[in-house]
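Chemist: No sequence on hand, only this structure:
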């Protein structure tokens, strides 16, 4: 898969890893983000959205193997959402030094 094909499923009510931190990491990875109202184990509580993301990834790989190079189209990209979100420091870490 190409570099712009990272996928991330963010649980918006995750108490283990807050969604703000998840979104920060996903944006930093330039991932295609899918948000789901779920906690940390979204694959158990919300299996349908998880399955959809996995199937979209599989379709993307199949499209690439058949010579289609537009990964965003194959993934059904949320490019508009990706472009609106700009990577920022995780909440509560403003001014702290982080390794690149």
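Modeler: Looks like it came in fine. Computed from a prediction, not measured in an experiment: that's the story for all the values here. Numbering: from 1, shown residues only.
Chemist: For this structure, which segments count as strands?
Modeler: With strands called from DSSP state E, the chain shows them at 7-11, 32-36.
Chemist: closest to residue 26 out of those strands?
Modeler: strand 7-11 (3.8 Å; C-beta to C-beta). To be clear about C-beta, it is placed using only N, CA and C from the backbone, and glycine gets the same treatment.
Chemist: Average pLDDT for that closest one, rounded please.
Modeler: Strand 7-11 comes out with an average pLDDT of 92.
Chemist: Likewise for stretch 45-52?
Modeler: pLDDT averaged over stretch 45-52 gives 93.
Chemist: go on, stretch 56-69?
Modeler: 82.
Chemist: same question, stretch 24-34
Modeler: The model assigns stretch 24-34 a mean pLDDT of 94.
Chemist: Now do the buried residues in that stretch.
Modeler: Buried residues in stretch 24-34, counted by 16 or more other C-beta atoms under 10 Å: 24, 26, 27, 31, 32, 33, 34.
Chemist: repeat for stretch 10-20
Modeler: For stretch 10-20, by 16+ other C-beta under 10 Å, it's 10, 11, 14, 18.
Chemist: out of those residues, who's nearest residue 67?
Modeler: Out of these, the member with the shortest distance to residue 67 (by C-beta to C-beta) is residue 10, at 31.6 Å.
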